[in-house]
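J.: Provided below are the primary sequence and the corresponding predicted coordinates.
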Amino acid sequence: MKILVPHTITLDLTSGAAPAGRDRSETPDEVVLYDASAPLPPEHRDAEVLVAWANSPENLADAAAHLPRLRWVQTLAAGPDAILAAGFAPEVVVTNGRSLHDGPVAEHALALTLAAVRDLDRLGAAQREHCWDSATVDWQADPATSRHFTLHGARVTIWGFGSIAARLAPLYAALGAHVTGVASTAGERHGFPVVTDEDLPRVLATTDVLVSLLPAVPATRHAFDAARIDALPDHAVFVNVGRGATVDEEALVAALREGRLGCAALDVTETEPLPSDSPLWDTPRTIITPHVAGGRPQGASALVRENVENLRAGRPLRNVVPRG
């Protein structure tokens, strides 16, 4: 079986022993390194497996058009947006990198939250101006605002309560926050209460920090819109480490400029890279990082090896993306 692996990541697809039921005398897989930013070489268009990570849209479109024997695409990204947009045939199985980014994304979400809650954007600007920001010192010491500058006792809502949230929620709880999840079904997950979108208006009304881990699907486009922004308290912090398409950026900019939202910390935007003329760059109380939360897949080699063996054995693959 020919497996195409991108030059953008180092994967070890060898294993020390033959998997159960597999004869070591079988012909080994042919693993081919390819340039994820260029058209695929004609001699490798007989590949059955494509691993994708940080591929250009042109490369993915070329692969979709010129790999007639392709059976499976494994993206190492948690979100399969780029793969689904490339035009692969419907019979090609797509699997994503869910779980590979849980730790790094959880860390980045916590870092953005603390930066926003502790006013590090404002203090960083003061530092660059060689200014000792006494006004912020007084503001944080004011009993009327003190609860807005800490996660202790804060109400944190995580919108999209999957595997990343399972890593993230305990970090907030360890700092004294009260965490509520929002998902498609209500109940309890990983020891935290989870509600559905129907309960979101009620939950948002008392939310101090809203963290979005929503995927980019038609149902979530601009899910964080003017109505949901206005449902939050004026001091609330919005953190987005999910997908930029889930946010109505025009409504977000307006709310921040008018003081109807405390702060936004964004690792993702609707257009990436964020254009230099985007109003988000100059919007007050906005922290922007360039989609770096999940750039370090952990356990990618093991996931690909597992799915290669699943494919060979005719077993269901892990992390299959529904394409209906």
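T.: Looks like it arrived, so ask away. Numbering: from 1, shown residues only.
J.: Val73: what secondary structure?
T.: State at Val73, reduced to three classes by DSSP: H, G, I helix; E, B strand; the rest coil: strand.
J.: give the contact list for it.
T.: Counting by CB atoms under 8 Å, 6 or more residues apart in numbering, Val73 makes contact with 49-52, 63, 83, 88, 92-95. For glycine as for every other residue, the C-beta is placed from the backbone atoms N, C-alpha and C.
J.: show me where pLDDT drops low in the stretch 1-150 of the chain?
T.: For the stretch 1-150 of the chain, applying pLDDT under 70 flags the ranges 15-27.
J.: now the helices for it?
T.: Assignment of helices within the stretch 1-150 of the chain using DSSP state H, counting those that start in this stretch yields the ranges 57-66, 81-85, 102-117, 120-128, 134-141.
J.: What is the fourth one packed up against?
T.: What it means is helix 120-128. If you count contacts as 3 or more CB pairs under 8 Å, 6 or more residues apart in numbering; DSSP states H and E, helix 120-128 packs onto helix 134-141, strand 286-288.
J.: ok, so of the contacts of Val73, who is nearest Val241?
T.: Closest approach between the contacts of Val73 and Val241, by CB to CB: Ile83, at 20.0 Å.
J.: Which residue, other than its chain neighbours, is closest to the closest one?
T.: Using CB to CB, 6 or more residues apart in numbering and skipping residues adjacent in sequence, the residue nearest Ile83 is Thr75, 4.9 Å away.
J.: so the one you found makes contact with Ala54?
T.: No. Applying CB atoms under 8 Å as the test, Thr75 and Ala54 come out as separate, 10.0 Å apart.
J.: Between those two, which is the more surrounded one?
T.: Thr75 (25 against 16; other CB atoms under 10 Å).
J.: what about the more buried one, distance to Phe88?
T.: Distance of Thr75 to Phe88, given as CB to CB, to the nearest Å: 11 Å.
J.: Between these two, which contacts overlap?
T.: Overlap of the contact sets of Thr75 and Phe88 (by CB under 8 Å, 6+ apart) consists of Val94.
J.: Please look at Gln298 and Glu107 and confirm they touch.
T.: No. In this structure, Gln298 is not within contact of Glu107 by CB under 8 Å, at 11.3 Å.
J.: Name the residues of the helix or strand where Val304 lies that come out as buried.
T.: For Val304, the host element (DSSP states H and E) is helix 300-313. Buried residues in helix 300-313, defined by neighbour count with 16 or more other CB atoms under 10 Å: 300, 303-311.
J.: go on, stretch 45-64?
T.: Using 16+ other CB under 10 Å as the test for burial, stretch 45-64 gives 45, 47-55, 59-64.
J.: Tell me how many other residues crowd Ile158.
T.: Ile158: 26 neighbours (other CB under 10 Å).
J.: Just say helix, strand or coil for it.
T.: Quick answer, by three-state DSSP: Ile158 is strand.
J.: what sits opposite it in the beta ladder?
T.: For Ile158, the beta-bridge partners are Gly181, Val211 (DSSP bridges).
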